[in-house]
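Chemist: predicted model and sequence follow; I will ask about them next.
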Number of protein chains: 2
Amino acid sequence: MTKKATAYAFLERPEHMPRGSLSSHVTSQLREAIVSLRLKPGTMLDKSEICERLGVSRSPVADALARLQSEGLIDILPQRGSVVSLVSLAAVKEYIFIRTALECETVRKLAVERPGGLVEALEANIARQRDLATEDDKQGFHNVDLQFHEILLNAAGYRRMKAMVDTARNNLDRARHLSNRIRETALALEEHSAIVDAIVKGDPEEASDAMRRHLDSMVESVFEVARQSPTLFSDGELAQA
Amino acid sequence: MTKKATAYAFLERPEHMPRGSLSSHVTSQLREAIVSLRLKPGTMLDKSEICERLGVSRSPVADALARLQSEGLIDILPQRGSVVSLVSLAAVKEYIFIRTALECETVRKLAVERPGGLVEALEANIARQRDLATEDDKQGFHNVDLQFHEILLNAAGYRRMKAMVDTARNNLDRARHLSNRIRETALALEEHSAIVDAIVKGDPEEASDAMRRHLDSMVESVFEVARQSPTLFSDGELAQA
DNA sequence: CACTGCCAACTGGCATGTTATAATGCCCAA
DNA sequence: TTGGGCATTATAACATGCCAGTTGGCAGTG
């Protein structure tokens, strides 16, 4: 028999977690693994294996799985097991819908209120995007891209709304990793700039439209990949529509 | 000693729940109690009491509390206790923001796609609203009002998005019960009609705007109550702004 | 009287034991 | 060969035991 101890090797065993944070730790470990596709869609999760690897009991693991289920990252089949949820184009459409709704409304609000320091933070972020785009540093650009949306969501000051966007983004990140495709940085930079410009101008409609265009082009990009490789998604044939 | 067994008398003890639905049952019992204010904001939840009343162990109850926390209905204070979350105007604003974002985007989508049977269902619903409004049946109108939004969300076909709107609505319902105020039915009917008209016309912008006006008037109504009775909300003084 | 430090009680987090149920493979009969 | 029950097995759901952190009261001290 091959030793299967390596199956969950990427999970970090906690040393002495303060009481009360064990569940959260397990959750984020598993979430990270699922979003980054180290745990592939459709794989069965062996709970006792995970317990052993992490040196914790079943409680925090069961807790983590329940949370991840509510985040849409795993499916719990009663009395049968827990499985990493499949990535479907239907889910991609829904999560982009959610992001569009929430983020458009966010920039609309920000364009009206323009809280202090926001424009400065956005412009500094755009400047860094420009640098990384010219250097063609895709990974670096992606990180600053994340920060861009982060700045907007934080400025709105709505904690729960931000959490909703985050779960949507985690699910979409799986699709991004699946397609192993980083969008054209120059294009994203342009779209980001349009959003900032509209906020600077204080035009909520235009800000919302710019954000919508930005997210629309993301869904377009995913569907393009799906047309080329339909098998990546559990409902890949849907891409022909 | 006064027998405190009546404390959670409104919780229905399940007879023989099928395995796998106990947690959900406890969750919905508690959710219903919290949303309807039978469990008042700020009250401490006695877990063992609840277990005894429902005749279940701590597991499903702990499970339920965790879910309700993620829905924003209770706060879990580590090692201290679980408390029904306070209703704040800040929370009302955030949840209305979330509903506005998601429901505006929903009607925008529906105005474009106009799925079969939708318009008929909406017009039938509006007709019932009209009847109940003329009869001045506030409670009946409210139920049909709920169904109106339900029809729209179901038509969009986005299960998770609907769940997000539902948690927002639950939280807002607490504010509604707190203020013990049913909005003017004639006004709501008008707003609903405007939404349907825009969908019939196939005008996404107008549909979105109509939905926004509808939800805006709701927040206005809550803040008006807050100005009259600031103590109803944990941050009632905020209403003066 | 105020203030500090200790102790007991209560809580939720974690560990572990127990049970019902869905799936699987096997056997045997048709 | 096939198809339908039956035992086996693995899993999540549930029950329960235990532990550590927090708190509030009380005693003792200034």
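Modeler: Thanks, I have it.

Chemist: use CA for all of it now, contacts and neighbours both
Modeler: Fine.

Chemist: isn't A:Ser85 right next to A:Ile74, touching?
Modeler: Yes - counting by Cα atoms under 8 Å, A:Ser85 does reach A:Ile74; the two are 4.5 Å apart.

Chemist: who's whichever residue of chain A sits closest to DNA strand D bridged to?
Modeler: Closest residue of chain A to DNA strand D, Cα to the nearest atom of the strand: A:Gly81 (3.1 Å). On the basis of DSSP bridges, A:Gly81 takes part in beta bridges with A:Leu77.

Chemist: just give me the neighbour total for it.
Modeler: Neighbours of A:Gly81 under the rule other Cα atoms under 10 Å in any protein chain shown: 12.

Chemist: next, the buried residues of stretch A:53-64.
Modeler: Using 16 or more other Cα atoms under 10 Å in any protein chain shown as the test for burial, stretch A:53-64 gives A:Arg53, A:Leu54, A:Val56, A:Pro60, A:Val61, A:Ala62, A:Asp63, A:Ala64.

Chemist: what subset of these is also close to chain B?
Modeler: The subset of these within reach of chain B, by Cα under 8 Å from any Cα of the partner chain, is empty.

Chemist: and of the residues you listed, the nearest to chain B?
Modeler: Chain B has its nearest neighbour among the buried residues of stretch A:53-64 in A:Asp63, at 8.4 Å by Cα to the nearest Cα.

Chemist: close to DNA strand D: what parts of chain A are there?
Modeler: Residues of chain A found near DNA strand D, taking Cα under 7 Å from any atom of the strand as the criterion, are A:18-19, A:45-47, A:62, A:76-82.

Chemist: repeat that with 6 Å
Modeler: With Cα under 6 Å from any atom of the strand as the criterion, chain A comes near DNA strand D at residues A:Arg19, A:Asp46, A:Lys47, A:Ile76, A:Leu77, A:Pro78, A:Gln79, A:Arg80, A:Gly81, A:Ser82.

Chemist: quick revisit: residues in contact with the residue of chain A closest to DNA strand D?
Modeler: With contacts defined as Cα atoms under 8 Å, 6 or more residues apart in numbering or on different chains, A:Gly81 is in contact with A:Met44, A:Leu45, A:Asp46.

Chemist: same thing but 10 Å
Modeler: Residues near A:Gly81 by Cα atoms under 10 Å, 6 or more residues apart in numbering or on different chains: A:Met44, A:Leu45, A:Asp46, A:Lys47, A:Asp75.

Chemist: among these, who's most crowded?
Modeler: Within those, most neighbours by other Cα under 10 Å means A:Asp75, with 20 neighbours.

Chemist: which element is that one on?
Modeler: Assigned by DSSP states H and E, A:Asp75 belongs to strand A:74-77.

Chemist: ok, and what's touching that strand?
Modeler: By Cα under 10 Å, 6+ apart, the list of residues contacting strand A:74-77 reads A:31, A:34, A:41-45, A:65-69, A:81-86.

Chemist: compute the first-to-last residue distance for stretch A:104-122.
Modeler: Its first and final residues considered, stretch A:104-122 spans 16 Å by Cα to Cα, to the nearest Å.

Chemist: if we go by neighbour counts, what in that stretch is buried?
Modeler: Neighbour counts over stretch A:104-122 (16+ other Cα under 10 Å) mark A:104-112, A:114, A:118-119, A:122 as buried.

Chemist: domains in chain A, by residue range?
Modeler: A:4-84, A:89-240 (automatic domain parsing).

Chemist: save these as JSON lines, and put in mean pLDDT too.
Modeler: Formatted as JSON lines, the domains of chain A follow (pLDDT from 0 to 100):
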{"stretch": "domain A:4-84", "mean pLDDT": "94"}
{"stretch": "domain A:89-240", "mean pLDDT": "95"}
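
Chemist: so of the ones you listed, which one's packed in deepest?
Modeler: domain A:89-240 (a mean of 18; mean count of other Cα atoms under 10 Å in any protein chain shown).

Chemist: excluding sequence neighbours, find me the nearest residue to whichever residue of chain A sits closest to chain B.
Modeler: Sorted by distance to chain B under Cα to the nearest Cα, the residues of chain A start with A:Ala101, at 4.9 Å. The shortest distance from A:Ala101 to any non-neighbouring residue, by Cα to Cα, 6 or more residues apart in numbering or on different chains, is to B:Ala101 (4.9 Å).
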